[in-house]
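Q: Got a predicted structure here, sequence first:
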Amino acid sequence: MFSPITSTHRRITLVGKSLILLICLLLTAEAGKAQSVNATKGGKGLQFVSADSVFSTKINLRIQTLYVGEYDLDNDEYSDQVQIRRARLKLEGFAFRPAFEYKLELGLSNSDIGGGNQAANNNTSNVVLDAFVKWNINDNLGLIFGQTKLPGNRERIISSQKMQFVDRSLLNSRYNIDRDVGIQLHHEFALGTVVVKEVAAISMGEGRNITVDNVGGYDFTGRVEVLPFGEFKGGGDYVGSDLEREETPKLAIALAYDLNKGASRERGQLGRFFTQHQDLKTIFADAMFKYRGFSAMAEFADKTSSGSPVVETDLETGDVKNSFFTGSGFNIQAGYLFKNNYEVAGRFTNVDPEAATQREENKQYTLGLSKYILGHTVKAQTDVSLLREQQKWSNLMYRFQFEVGF
């Protein structure tokens, strides 16, 4: 039943959040008057450093406006929509001295916040994406404390601003381990021209913005990456497309493992909450290659549970009603960036859920076209995808997205 009190409370809550955000922006702007402004390039944000050089902040804002049109081949029906896919505000810098860094990133669109305020699931609003402090112990070792992305599959670690296609693949949407709250230790070293990067993380295991006691166990994640030909320009091993046009071949190969003890959500850090808990184990393997405008990326994921992934079945039909999302997936994509900064790219994704879950295998074929106006900061991207499931073509999807930021 509709409750005017509840409705009013929600409106007050939204207004309160909006006022808090506005105040923060005004305070930031006022503080900037007393600070020196560094000369920055387009797409690198607005940077401020205090007069005594004990504090700095860089502000970035970006918006992705998206059109999606889908044709249901089974039912001969077409539907479409226009949405603000992402609206992000990011602040990062250092405090006291450069060794102590911080980052705060907020998601402001409904797509960013969606899934929050589920009282039954003890889940709070999902406005906060990243919120952490980092201590750079030395040039090769750093400790992170707070909420950020776990070191899982490469496609998920790559920022949503720097993707080669309009959005990530089906492999990522089914198996990625997303963000979590905890600690991470980042280390890297070189052996001649070979660079090795290692990340270890211990987190709560239930995803971002959870404010209640941990109902399961902890999550343990490790990732090792090898760059046999040295570093990519501009951190290109975590950027879609070869915008730097690498003059020599560059390759990154990585392996990651995640153990979510007593997972209570459908996909570990994401999805519905269940009363039943399972240990979820995920293996990721991925690679990135770039050379003179050509780029290619491949990923594999395999997720298993300690017991049956099935949580609930229909007693009459035996059909699965709820289950953890287990199974395997493979994604490969490649593109070529022309000198006029147009790029053509193709992607193939296969998702093969565990048979016990009764979910269907999906194969998706995607062809994309991008125009980079100011790198990934100002760009237009479009792609067409054809989905195959239950041994037949089922969906044709067209997307167009424009991104602008600073």
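A: Looks like it arrived, so ask away. Treat the numbers as computed from the prediction; the structure is a model and nothing was measured.

Q: Thr304 belongs to a helix?
A: No - with DSSP: H, G, I helix; E, B strand; the rest coil as the criterion, Thr304 is strand rather than part of a helix.

Q: Verify the stated contact: it with Leu280.
A: Yes - in terms of C-beta atoms under 8 Å, Thr304 counts as a neighbour of Leu280; the distance is 7.4 Å. C-betas here are computed from N, CA, C, even on glycine.

Q: Domains in this structure, by residue range?
A: By the record's domain assignment, the chain is partitioned as 1-34, 61-84+128-405 (automatic domain parsing).

Q: circling back: looking at Thr304 and Leu280, which is more packed in?
A: The residue with more neighbours, out of Thr304 and Leu280 and counting by other C-beta atoms under 10 Å, is Leu280; that gives 28 against 16.

Q: so the more buried one sits in a strand?
A: Yes - Leu280 forms part of a strand when assessed by three-state DSSP.

Q: Look at it and report its pLDDT.
A: In this model, Leu280 is scored at 98, pLDDT.

Q: The one 3 residues further on now?
A: Each residue has a pLDDT score; the one for Ile283 is 98.

Q: Just give me the neighbour total for it.
A: Using other C-beta under 10 Å, Ile283 has 15 neighbouring residues.

Q: Look up the residues forming beta bridges with the residue lying closest to it once chain neighbours are set aside.
A: On the basis of C-beta to C-beta, 6 or more residues apart in numbering, the spatially nearest residue to Ile283 that is not a chain neighbour turns out to be Asp302, at 4.8 Å. Under the criterion DSSP bridges, Asp302 forms beta bridges with Ile283, Ser328.

Q: Look at the residue nearest in space to the middle of the chain and give its secondary structure.
A: When the chain is reduced to its mean C-alpha position, the closest residue under C-alpha atoms, centre = their mean turns out to be Arg156, at 4.3 Å. Under three-state DSSP, Arg156 falls in the helix class.

Q: Now for it: which residues touch it?
A: For Arg156, the contacting residues are 149, 168, 172, 176-178, taking C-beta atoms under 8 Å, 6 or more residues apart in numbering as the criterion.

Q: could I get the domains of the chain as TSV with distance to Phe96?
A: Shown next, in TSV, are these (distance: least, C-beta to C-beta, whole Å):
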stretch	distance to Phe96
domain 1-34	16
domain 61-84+128-405	11
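
Q: residue ranges of the helices in this structure, please?
A: If DSSP state H is used as the criterion, the helices of the chain fall at 4-33, 110-113, 154-157, 170-175.

Q: any idea how far Ser109 is from Val404?
A: Separation of Val404 from Ser109 (C-beta to C-beta, to the nearest Å): 14 Å.

Q: re the thing from before, what's near enough to touch the residue nearest to Ile283?
A: Residues counted as contacts of Asp302 (C-beta under 8 Å, 6+ apart) are 282-283, 327-329.

Q: Could I have the buried ones of the residues you listed as ChimeraX selection syntax?
A: Typed into ChimeraX, the line below selects the buried ones among the contacts of Asp302, using 16 or more other C-beta atoms under 10 Å:
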select :282,327,328,329
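
Q: Among the contacts of Asp302, which one sits closest to Asn362?
A: Taking C-beta to C-beta as the measure, Gly329 is the one of those closest to Asn362, at 8.8 Å.

Q: Need the residues that contact stretch 347-355.
A: Contacting residues not belonging to stretch 347-355 are listed as 165, 169-171, 174, 304, 309, 325-333, 359-368 [C-beta under 8 Å, 6+ apart].

Q: Give the buried residues for that stretch.
A: Per 16+ other C-beta under 10 Å, stretch 347-355 contains these buried residues: 347, 349-354.

Q: and what of stretch 88-97?
A: 88-94.

Q: tell me the phi and psi of the residue lying closest to Ser241 once chain neighbours are set aside?
A: Leaving aside its sequence neighbours, Ser241 sits nearest to Gln164 (C-beta to C-beta, 6+ apart; 5.1 Å). For Gln164, the backbone dihedrals are phi -80, psi -30 (criterion: degrees, to the nearest 10).
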